[in-house]
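# sequence unknown, structure follows:
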(Lines give C-alpha, C1' and ligand atoms only; values in the text may rest on other atoms or scores of the structure.)
Protein backbone atom coordinates (compact mmCIF):
# COMPACT_ATOMS: atom_id res chain seq x y z
CA UNK A 1 0.00 0.00 0.00
CA UNK A 2 1.41 3.39 -0.99
CA UNK A 3 0.73 6.54 1.00
CA UNK A 4 2.46 9.85 1.73
CA UNK A 5 4.45 9.18 4.91
CA UNK A 6 5.72 12.76 5.11
CA UNK A 7 2.18 14.17 4.94
CA UNK A 8 1.01 11.70 7.58
CA UNK A 9 3.81 12.71 9.96
CA UNK A 10 2.93 16.38 9.49
CA UNK A 11 -0.72 15.58 10.23
CA UNK A 12 0.26 13.85 13.49
CA UNK A 13 2.73 16.53 14.56
CA UNK A 14 0.09 19.21 13.97
CA UNK A 15 -2.48 17.20 15.96
CA UNK A 16 -0.07 16.95 18.88
CA UNK A 17 0.27 20.74 19.02
CA UNK A 18 -3.25 21.77 18.00
CA UNK A 19 -5.01 19.52 20.53
CA UNK A 20 -2.46 19.91 23.32
CA UNK A 21 -1.56 16.22 23.49
CA UNK A 22 1.57 15.28 25.49
CA UNK A 23 2.22 12.03 23.63
CA UNK A 24 0.69 9.80 20.99
CA UNK A 25 1.37 6.51 19.30
CA UNK A 26 0.07 5.28 15.97
CA UNK A 27 0.18 1.93 14.19
CA UNK A 28 -1.14 1.19 10.70
CA UNK A 29 -1.59 -2.39 9.48
CA UNK A 30 -2.37 -3.55 5.97
CA UNK A 31 -3.44 -7.15 5.43
CA UNK A 32 -2.43 -7.96 9.01
CA UNK A 33 1.11 -6.63 8.55
CA UNK A 34 2.37 -3.48 10.24
CA UNK A 35 3.33 -0.95 7.57
CA UNK A 36 3.77 2.17 9.72
CA UNK A 37 4.30 2.95 13.39
CA UNK A 38 5.39 6.09 15.16
CA UNK A 39 5.60 7.60 18.62
CA UNK A 40 5.55 11.34 19.21
CA UNK A 41 5.80 13.47 22.33
CA UNK A 42 6.45 12.60 25.94
CA UNK A 43 5.39 9.58 27.97
CA UNK A 44 6.74 10.62 31.34
CA UNK A 45 6.73 13.94 33.17
CA UNK A 46 9.70 13.16 35.38
CA UNK A 47 12.40 12.43 32.80
CA UNK A 48 10.38 13.30 29.67
CA UNK A 49 10.84 9.94 27.96
CA UNK A 50 9.69 9.98 24.36
CA UNK A 51 6.86 7.81 23.09
CA UNK A 52 8.12 4.81 21.12
CA UNK A 53 6.23 2.62 18.61
CA UNK A 54 5.71 -0.06 21.30
CA UNK A 55 4.94 2.17 24.28
CA UNK A 56 2.11 0.77 26.40
CA UNK A 57 -0.96 2.90 27.13
CA UNK A 58 -4.18 2.44 28.97
CA UNK A 59 -6.83 2.08 26.25
CA UNK A 60 -10.05 2.29 28.35
CA UNK A 61 -13.11 1.12 26.39
CA UNK A 62 -11.12 -0.45 23.55
CA UNK A 63 -11.08 -3.30 26.09
CA UNK A 64 -14.66 -4.07 25.05
CA UNK A 65 -13.29 -5.47 21.78
CA UNK A 66 -11.20 -7.90 23.84
CA UNK A 67 -14.16 -8.98 25.98
CA UNK A 68 -16.29 -9.47 22.86
CA UNK A 69 -13.54 -11.55 21.27
CA UNK A 70 -13.36 -13.79 24.36
CA UNK A 71 -17.14 -14.28 24.37
CA UNK A 72 -17.18 -15.15 20.66
CA UNK A 73 -14.31 -17.59 21.18
CA UNK A 74 -16.20 -19.16 24.07
CA UNK A 75 -19.20 -19.63 21.77
CA UNK A 76 -16.94 -21.18 19.14
CA UNK A 77 -15.76 -23.62 21.84
CA UNK A 78 -19.45 -24.34 22.60
CA UNK A 79 -19.20 -23.11 26.16
CA UNK A 80 -21.99 -20.54 25.71
CA UNK A 81 -24.37 -19.13 23.14
CA UNK A 82 -25.16 -15.44 22.67
CA UNK A 83 -28.84 -16.22 23.28
CA UNK A 84 -28.11 -17.54 26.78
CA UNK A 85 -30.20 -15.74 29.37
CA UNK A 86 -28.38 -13.64 31.92
CA UNK A 87 -30.42 -15.35 34.62
CA UNK A 88 -28.62 -18.62 33.81
CA UNK A 89 -25.44 -17.09 35.21
CA UNK A 90 -26.86 -14.67 37.77
CA UNK A 91 -29.98 -16.32 39.27
CA UNK A 92 -29.83 -13.96 42.27
CA UNK A 93 -29.88 -10.73 40.26
CA UNK A 94 -33.23 -9.34 41.38
CA UNK A 95 -34.29 -7.22 38.42
CA UNK A 96 -33.88 -10.14 36.02
CA UNK A 97 -37.09 -11.65 37.39
CA UNK A 98 -39.14 -9.39 35.12
CA UNK A 99 -36.64 -8.70 32.32
CA UNK A 100 -35.33 -11.24 29.84
CA UNK A 101 -31.77 -10.16 29.02
CA UNK A 102 -29.30 -12.29 27.08
CA UNK A 103 -25.58 -12.18 26.39
CA UNK A 104 -26.07 -10.47 23.02
CA UNK A 105 -27.94 -7.63 24.77
CA UNK A 106 -24.88 -6.99 26.92
CA UNK A 107 -22.46 -7.09 23.97
CA UNK A 108 -24.41 -4.54 21.92
CA UNK A 109 -25.57 -2.41 24.88
CA UNK A 110 -29.24 -3.16 24.24
CA UNK A 111 -30.08 -4.50 27.72
CA UNK A 112 -31.86 -1.23 28.51
CA UNK A 113 -29.68 -0.47 31.51
CA UNK A 114 -29.63 3.22 32.48
CA UNK A 115 -26.44 4.98 33.51
CA UNK A 116 -25.68 3.55 36.96
CA UNK A 117 -23.18 4.87 39.55
CA UNK A 118 -21.18 1.63 39.84
CA UNK A 119 -17.88 3.04 38.58
CA UNK A 120 -17.91 5.56 41.42
CA UNK A 121 -18.22 2.67 43.89
CA UNK A 122 -15.72 0.23 42.38
CA UNK A 123 -12.54 -0.61 44.27
CA UNK A 124 -9.42 1.01 42.78
CA UNK A 125 -6.32 -0.97 43.76
CA UNK A 126 -4.33 2.26 43.78
CA UNK A 127 -6.50 3.34 46.73
CA UNK A 128 -7.89 0.07 48.13
CA UNK A 129 -9.17 1.59 51.37
CA UNK A 130 -11.71 3.62 49.36
CA UNK A 131 -14.74 1.52 48.38
CA UNK A 132 -13.02 -1.71 49.53
CA UNK A 133 -16.12 -3.87 49.04
CA UNK A 134 -16.60 -3.48 45.27
CA UNK A 135 -13.88 -5.56 43.63
CA UNK A 136 -15.72 -8.62 42.30
CA UNK A 137 -18.78 -9.37 40.20
CA UNK A 138 -20.37 -10.99 43.26
CA UNK A 139 -20.19 -7.62 45.02
CA UNK A 140 -21.64 -5.97 41.91
CA UNK A 141 -24.66 -8.29 42.05
CA UNK A 142 -25.22 -7.40 45.70
CA UNK A 143 -24.95 -3.72 44.88
CA UNK A 144 -27.28 -3.85 41.88
CA UNK A 145 -29.87 -5.58 44.05
CA UNK A 146 -29.92 -2.53 46.32
CA UNK A 147 -30.71 -0.13 43.47
CA UNK A 148 -34.21 0.77 42.41
CA UNK A 149 -34.26 1.62 38.70
CA UNK A 150 -36.32 1.07 35.58
CA UNK A 151 -34.91 -0.14 32.29
CA UNK A 152 -34.85 2.50 29.55
CA UNK A 153 -36.72 0.13 27.23
CA UNK A 154 -37.35 -3.55 26.70
CA UNK A 155 -34.10 -5.48 26.03
CA UNK A 156 -33.09 -5.48 22.38
CA UNK A 157 -34.91 -2.28 21.41
CA UNK A 158 -32.66 0.63 22.43
CA UNK A 159 -28.90 1.11 22.55
CA UNK A 160 -27.54 2.81 25.65
CA UNK A 161 -23.89 2.31 26.51
CA UNK A 162 -23.41 0.31 29.72
CA UNK A 163 -20.13 -0.50 31.41
CA UNK A 164 -22.01 -2.62 33.95
CA UNK A 165 -23.08 -4.88 31.08
CA UNK A 166 -19.44 -5.64 30.31
CA UNK A 167 -18.66 -6.18 34.00
CA UNK A 168 -21.39 -8.85 33.96
CA UNK A 169 -19.87 -10.35 30.81
CA UNK A 170 -16.56 -10.55 32.63
CA UNK A 171 -18.24 -12.50 35.40
CA UNK A 172 -19.71 -14.93 32.87
CA UNK A 173 -16.26 -15.40 31.32
CA UNK A 174 -14.80 -16.19 34.75
CA UNK A 175 -17.60 -18.68 35.42
CA UNK A 176 -17.27 -20.65 32.21
CA UNK A 177 -13.44 -20.75 32.21
CA UNK A 178 -13.11 -20.97 36.01
CA UNK A 179 -10.24 -18.47 35.87
CA UNK A 180 -9.77 -14.75 36.50
CA UNK A 181 -10.58 -12.53 33.53
CA UNK A 182 -6.95 -11.38 33.19
CA UNK A 183 -5.71 -14.96 32.93
CA UNK A 184 -8.36 -15.89 30.35
CA UNK A 185 -7.35 -12.86 28.27
CA UNK A 186 -3.69 -13.86 28.45
CA UNK A 187 -4.21 -17.51 27.51
CA UNK A 188 -7.07 -17.20 25.05
CA UNK A 189 -6.16 -13.98 23.20
CA UNK A 190 -2.80 -12.37 23.98
CA UNK A 191 -0.65 -15.46 23.44
CA UNK A 192 -2.37 -16.77 20.27
CA UNK A 193 -2.37 -13.30 18.68
CA UNK A 194 1.20 -12.61 19.88
CA UNK A 195 0.12 -9.45 21.69
CA UNK A 196 3.39 -9.18 23.59
CA UNK A 197 2.79 -5.69 24.94
CA UNK A 198 -0.63 -6.26 26.47
CA UNK A 199 -1.90 -7.06 29.94
CA UNK A 200 -4.86 -6.36 32.21
CA UNK A 201 -4.69 -3.86 35.07
CA UNK A 202 -1.39 -2.88 36.56
CA UNK A 203 1.95 -4.39 35.51
CA UNK A 204 2.00 -6.41 38.71
CA UNK A 205 5.23 -8.23 37.85
CA UNK A 206 7.12 -5.10 36.86
CA UNK A 207 8.04 -6.58 33.47
CA UNK A 208 6.90 -3.75 31.22
CA UNK A 209 9.42 -0.91 31.13
CA UNK A 210 7.84 1.38 28.59
CA UNK A 211 4.48 2.56 29.92
CA UNK A 212 3.12 6.04 29.20
CA UNK A 213 2.00 8.06 32.21
CA UNK A 214 -1.67 9.08 32.17
CA UNK A 215 -1.56 12.89 32.19
CA UNK A 216 -4.55 14.79 33.52
CA UNK A 217 -3.27 18.33 33.00
CA UNK A 218 -0.88 19.31 30.25
CA UNK A 219 -1.17 22.77 28.61
CA UNK A 220 1.98 22.26 26.55
CA UNK A 221 3.81 21.12 29.67
CA UNK A 222 3.38 24.37 31.55
CA UNK A 223 1.01 23.04 34.21
CA UNK A 224 1.51 19.32 33.77
CA UNK A 225 0.43 16.68 36.26
CA UNK A 226 0.03 12.93 35.99
CA UNK A 227 -2.01 10.31 37.80
CA UNK A 228 -2.28 6.53 38.10
CA UNK A 229 -4.23 4.43 35.67
CA UNK A 230 -7.56 3.45 37.20
CA UNK A 231 -7.07 -0.14 38.39
CA UNK A 232 -10.54 -1.48 39.23
CA UNK A 233 -10.73 -5.29 38.87
CA UNK A 234 -14.52 -5.16 38.57
CA UNK A 235 -14.15 -3.01 35.43
CA UNK A 236 -11.31 -4.95 33.81
CA UNK A 237 -13.67 -6.39 31.12
CA UNK A 238 -15.01 -2.89 30.36
CA UNK A 239 -11.81 -0.84 30.38
CA UNK A 240 -8.81 -2.51 32.04
CA UNK A 241 -6.61 -3.30 29.03
CA UNK A 242 -3.08 -1.92 28.80
CA UNK A 243 -1.64 -2.27 25.32
CA UNK A 244 0.35 -0.86 22.42
CA UNK A 245 -1.05 0.42 19.13
CA UNK A 246 0.40 -2.54 17.22
CA UNK A 247 -1.29 -4.99 19.58
CA UNK A 248 -4.65 -3.25 19.32
CA UNK A 249 -4.50 -3.62 15.53
CA UNK A 250 -4.14 -7.38 16.05
CA UNK A 251 -7.19 -7.31 18.29
CA UNK A 252 -9.44 -5.46 15.85
CA UNK A 253 -8.26 -7.65 12.96
CA UNK A 254 -9.25 -10.76 14.92
CA UNK A 255 -12.67 -9.28 15.72
CA UNK A 256 -13.32 -8.32 12.08
CA UNK A 257 -12.29 -11.70 10.72
CA UNK A 258 -9.17 -10.41 8.98
CA UNK A 259 -7.12 -13.02 10.82
CA UNK A 260 -8.01 -16.68 11.31
CA UNK A 261 -8.50 -16.34 15.07
CA UNK A 262 -12.30 -16.81 14.83
CA UNK A 263 -14.36 -19.00 12.56
CA UNK A 264 -16.66 -17.17 10.16
CA UNK A 265 -19.80 -18.09 12.16
CA UNK A 266 -18.43 -16.04 15.05
CA UNK A 267 -16.95 -12.92 13.48
CA UNK A 268 -19.87 -12.49 11.08
CA UNK A 269 -22.10 -11.90 14.11
CA UNK A 270 -20.13 -8.75 14.97
CA UNK A 271 -21.81 -6.72 12.24
CA UNK A 272 -24.96 -8.80 11.74
CA UNK A 273 -28.21 -7.07 12.81
CA UNK A 274 -26.52 -4.11 14.59
CA UNK A 275 -28.26 -1.60 16.84
CA UNK A 276 -29.03 1.89 15.55
CA UNK A 277 -27.44 4.80 17.43
CA UNK A 278 -30.10 7.20 18.73
CA UNK A 279 -27.86 10.27 18.56
CA UNK A 280 -27.09 9.74 14.84
CA UNK A 281 -30.02 9.84 12.45
CA UNK A 282 -27.99 8.75 9.46
CA UNK A 283 -28.46 5.03 8.84
CA UNK A 284 -24.77 4.62 8.08
CA UNK A 285 -23.97 4.57 11.83
CA UNK A 286 -24.63 1.55 14.03
CA UNK A 287 -23.24 -0.53 16.90
CA UNK A 288 -22.46 -4.22 16.52
CA UNK A 289 -20.96 -6.55 19.08
CA UNK A 290 -18.39 -4.60 21.09
CA UNK A 291 -17.67 -2.17 18.27
CA UNK A 292 -19.15 0.75 16.34
CA UNK A 293 -19.94 0.52 12.63
CA UNK A 294 -19.89 3.17 9.93
CA UNK A 295 -21.04 2.27 6.42
CA UNK A 296 -18.81 4.71 4.54
CA UNK A 297 -20.32 3.80 1.18
CA UNK A 298 -21.58 0.70 -0.59
CA UNK A 299 -18.04 -0.68 -0.87
CA UNK A 300 -16.45 0.27 2.45
CA UNK A 301 -17.31 -0.34 6.11
CA UNK A 302 -15.40 1.08 9.05
CA UNK A 303 -15.35 -0.79 12.37
CA UNK A 304 -14.20 1.51 15.16
CA UNK A 305 -14.19 2.23 18.86
CA UNK A 306 -12.84 4.88 21.17
CA UNK A 307 -11.81 4.98 24.82
CA UNK A 308 -11.80 7.80 27.37
CA UNK A 309 -10.63 7.95 30.99
CA UNK A 310 -8.50 10.43 32.95
CA UNK A 311 -5.17 10.29 31.13
CA UNK A 312 -6.55 8.19 28.25
CA UNK A 313 -7.92 8.95 24.79
CA UNK A 314 -7.80 6.13 22.25
CA UNK A 315 -9.12 5.16 18.82
CA UNK A 316 -9.01 1.95 16.81
CA UNK A 317 -10.56 1.33 13.42
CA UNK A 318 -10.46 -0.99 10.45
CA UNK A 319 -11.87 -0.62 6.95
CA UNK A 320 -12.89 -4.23 6.51
CA UNK A 321 -12.83 -4.54 2.73
CA UNK A 322 -9.34 -3.01 2.44
CA UNK A 323 -7.99 -4.73 5.57
CA UNK A 324 -6.47 -1.47 6.73
CA UNK A 325 -6.30 -0.93 10.49
CA UNK A 326 -5.38 2.25 12.37
CA UNK A 327 -4.87 2.56 16.12
CA UNK A 328 -4.13 5.88 17.81
CA UNK A 329 -3.30 6.04 21.52
CA UNK A 330 -2.70 9.15 23.63
CA UNK A 331 -1.96 9.75 27.30
CA UNK A 332 -4.37 12.60 28.00
CA UNK A 333 -8.15 12.79 28.38
CA UNK A 334 -10.47 14.47 25.85
CA UNK A 335 -8.11 14.33 22.89
CA UNK A 336 -10.31 14.12 19.75
CA UNK A 337 -8.96 10.73 18.71
CA UNK A 338 -12.08 9.87 16.69
CA UNK A 339 -11.49 12.98 14.56
CA UNK A 340 -7.75 12.39 14.22
CA UNK A 341 -8.21 8.69 13.47
CA UNK A 342 -10.54 9.51 10.61
CA UNK A 343 -8.14 12.10 9.26
CA UNK A 344 -5.52 9.37 9.15
CA UNK A 345 -7.83 7.07 7.19
CA UNK A 346 -8.66 9.92 4.82
CA UNK A 347 -4.95 10.51 4.29
CA UNK A 348 -4.44 6.83 3.50
CA UNK A 349 -7.25 6.76 0.94
CA UNK A 350 -6.78 10.18 -0.63
CA UNK A 351 -4.46 8.99 -3.39
CA UNK A 352 -6.71 6.22 -4.72
CA UNK A 353 -10.23 7.11 -3.56
CA UNK A 354 -11.09 10.78 -3.27
CA UNK A 355 -14.77 10.06 -2.52
CA UNK A 356 -14.04 8.94 1.04
CA UNK A 357 -15.49 11.34 3.63
CA UNK A 358 -14.73 10.42 7.21
CA UNK A 359 -15.09 13.80 8.91
CA UNK A 360 -15.90 13.67 12.61
CA UNK A 361 -18.17 14.82 14.03
CA UNK A 362 -20.64 14.50 11.14
CA UNK A 363 -21.22 17.79 9.36
CA UNK A 364 -24.05 20.07 10.51
CA UNK A 365 -25.94 22.64 8.48
CA UNK A 366 -27.47 24.53 11.43
CA UNK A 367 -31.04 24.94 10.17
CA UNK A 368 -33.15 27.80 11.48
CA UNK A 369 -34.97 26.69 14.64
CA UNK A 370 -37.53 28.92 16.30
CA UNK A 371 -36.69 30.21 19.76
CA UNK A 372 -39.75 28.57 21.33
CA UNK A 373 -38.53 25.18 20.06
CA UNK A 374 -35.04 25.83 21.38
CA UNK A 375 -36.52 26.63 24.79
CA UNK A 376 -38.15 23.19 24.83
CA UNK A 377 -34.69 21.64 24.68
CA UNK A 378 -33.37 23.50 27.72
CA UNK A 379 -33.05 21.64 31.00
CA UNK A 380 -30.81 19.29 32.96
CA UNK A 381 -30.05 15.84 31.55
CA UNK A 382 -27.92 13.15 33.07
CA UNK A 383 -27.47 9.93 35.00
CA UNK A 384 -25.74 8.76 38.20
CA UNK A 385 -22.95 7.43 35.98
CA UNK A 386 -21.92 10.53 34.04
CA UNK A 387 -23.41 13.37 36.08
CA UNK A 388 -25.48 16.29 34.85
CA UNK A 389 -25.47 18.17 31.55
CA UNK A 390 -27.10 21.59 31.44
CA UNK A 391 -28.68 22.70 28.17
CA UNK A 392 -29.51 26.41 28.09
CA UNK A 393 -29.92 29.43 25.84
CA UNK A 394 -27.39 32.23 25.69
CA UNK A 395 -28.66 34.86 23.30
CA UNK A 396 -29.52 33.04 20.09
CA UNK A 397 -27.19 30.13 20.84
CA UNK A 398 -28.01 26.93 22.66
CA UNK A 399 -25.17 25.63 24.81
CA UNK A 400 -24.39 22.45 26.70
CA UNK A 401 -22.43 22.72 29.93
CA UNK A 402 -20.76 19.81 31.66
CA UNK A 403 -18.72 20.65 34.76
CA UNK A 404 -16.45 23.56 33.74
CA UNK A 405 -16.80 23.03 30.00
CA UNK A 406 -19.47 24.60 27.83
CA UNK A 407 -19.94 24.10 24.10
CA UNK A 408 -22.37 25.30 21.49
CA UNK A 409 -24.80 22.74 20.06
CA UNK A 410 -24.89 22.76 16.25
CA UNK A 411 -27.93 21.20 14.62
CA UNK A 412 -28.09 18.99 11.56
CA UNK A 413 -31.86 18.61 11.67
CA UNK A 414 -34.55 19.94 13.96
CA UNK A 415 -33.64 17.81 17.01
CA UNK A 416 -30.12 16.50 16.40
CA UNK A 417 -26.59 17.50 15.55
CA UNK A 418 -23.14 17.72 17.11
CA UNK A 419 -21.64 19.32 20.20
CA UNK A 420 -17.86 19.27 20.33
CA UNK A 421 -16.92 15.84 18.97
CA UNK A 422 -20.13 14.22 20.24
CA UNK A 423 -23.38 13.63 18.39
CA UNK A 424 -26.72 14.36 20.05
CA UNK A 425 -30.45 13.95 19.57
CA UNK A 426 -33.30 15.14 21.76
CA UNK A 427 -35.76 12.27 22.23
CA UNK A 428 -39.49 12.88 22.49
CA UNK A 429 -42.48 10.74 23.41
CA UNK A 430 -45.89 12.38 23.35
CA UNK A 431 -45.32 15.77 24.93
CA UNK A 432 -43.70 18.92 23.56
CA UNK A 433 -40.51 18.62 25.62
CA UNK A 434 -37.90 15.89 25.22
CA UNK A 435 -37.79 13.22 27.90
CA UNK A 436 -34.14 12.34 27.20
CA UNK A 437 -30.98 13.42 25.43
CA UNK A 438 -29.07 10.88 23.37
CA UNK A 439 -25.42 11.93 23.65
CA UNK A 440 -23.12 9.76 21.57
CA UNK A 441 -23.91 6.20 22.73
CA UNK A 442 -25.64 7.08 25.99
CA UNK A 443 -29.26 7.94 26.77
CA UNK A 444 -29.45 10.67 29.44
CA UNK A 445 -32.86 11.16 31.01
CA UNK A 446 -34.25 14.64 31.55
CA UNK A 447 -33.94 15.50 35.24
CA UNK A 448 -35.33 19.05 35.22
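Done, it's in. As the structure is a computational prediction, the values presented were derived from the model and not from experiment.
# Just the buried positions in the helix or strand residue 142 falls within, please.
Using DSSP states H and E, residue 142 maps to helix 137-144. By neighbour count, with 16 or more other C-beta atoms under 10 Å as the criterion, the buried positions of helix 137-144 are 137, 139, 140, 141, 143, 144. Heads up, the C-betas are built off the backbone N, CA and C, glycines and all.
# contacting residues around the second one?
Translated: residue 139. Contacts here follow C-beta atoms under 8 Å, 6 or more residues apart in numbering; on that basis residue 139 touches 133, 234.
# what do you get for the first one?
With contacts defined as C-beta under 8 Å, 6+ apart, residue 137 is in contact with 167, 168, 170, 171, 174, 234.
# Inside strands: which ones of these?
Of the contacts of residue 137, none are assigned to strands by DSSP state E.
# next one: stretch 231-241 to chain centre, how far?
Centroid displacement of stretch 231-241 relative to its chain, using C-alpha atoms, centre = their mean, to the nearest Å, is 13 Å.
# Quick one: end-to-end distance for it.
One end of stretch 231-241 to the other measures 10 Å (C-alpha to C-alpha, to the nearest Å).
# next one: stretch 218-229
OK, stretch 218-229 end separation, C-alpha to C-alpha: 16 Å.
# now stretch 21-37
Stretch 21-37: ends 18 Å apart by C-alpha to C-alpha.
# how about that stretch: buried residues?
So, applying 16+ other C-beta under 10 Å, buried residues of stretch 21-37: 21-30, 35-37.
# Quick check: of those, which lies closest to residue 406?
Minimum distance to residue 406 across those is 21.9 Å, recorded for residue 21 (C-beta to C-beta).
# per-residue confidence at that closest one?
On the pLDDT scale, residue 21 is placed at 95.
# One more: residue 45?
Reported pLDDT for residue 45: 85.
# tell me the phi and psi of it?
The phi/psi pair for residue 45 (degrees, to the nearest 10) reads phi -80, psi -20.
# next one: residue 21
Backbone phi and psi, for residue 21 under degrees, to the nearest 10, turn out to be phi -100, psi 130.
# Which residues are in contact with it?
By C-beta under 8 Å, 6+ apart, the neighbours of residue 21 are 15, 41, 218, 313, 330, 332, 335.
# Can you give the strand pairings for the helix or strand hosting the fourth one, parallel or anti for each?
When you say that, I think you mean residue 313. For residue 313, the enclosing helix or strand under DSSP H and E is strand 312-319. Next to strand 312-319 in the sheet, as set by DSSP bridges, lie strand 301-309 (antiparallel), strand 324-330 (antiparallel).
# related to what we said a few turns ago, widest-spaced pair of the buried residues of stretch 21-37?
Once C-beta to C-beta is applied, the buried residues of stretch 21-37 give 22 and 30 as the farthest pair, at 28.5 Å.
# would you list the buried residues of helix 137-144 in TSV and tack on pLDDT and distance to residue 388?
Putting the buried residues of helix 137-144 into TSV (pLDDT from 0 to 100; distance: C-beta to C-beta, whole Å) gives the following:
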residue	pLDDT	distance to residue 388
137	97	29
139	97	27
140	97	24
141	96	28
143	96	22
144	95	22
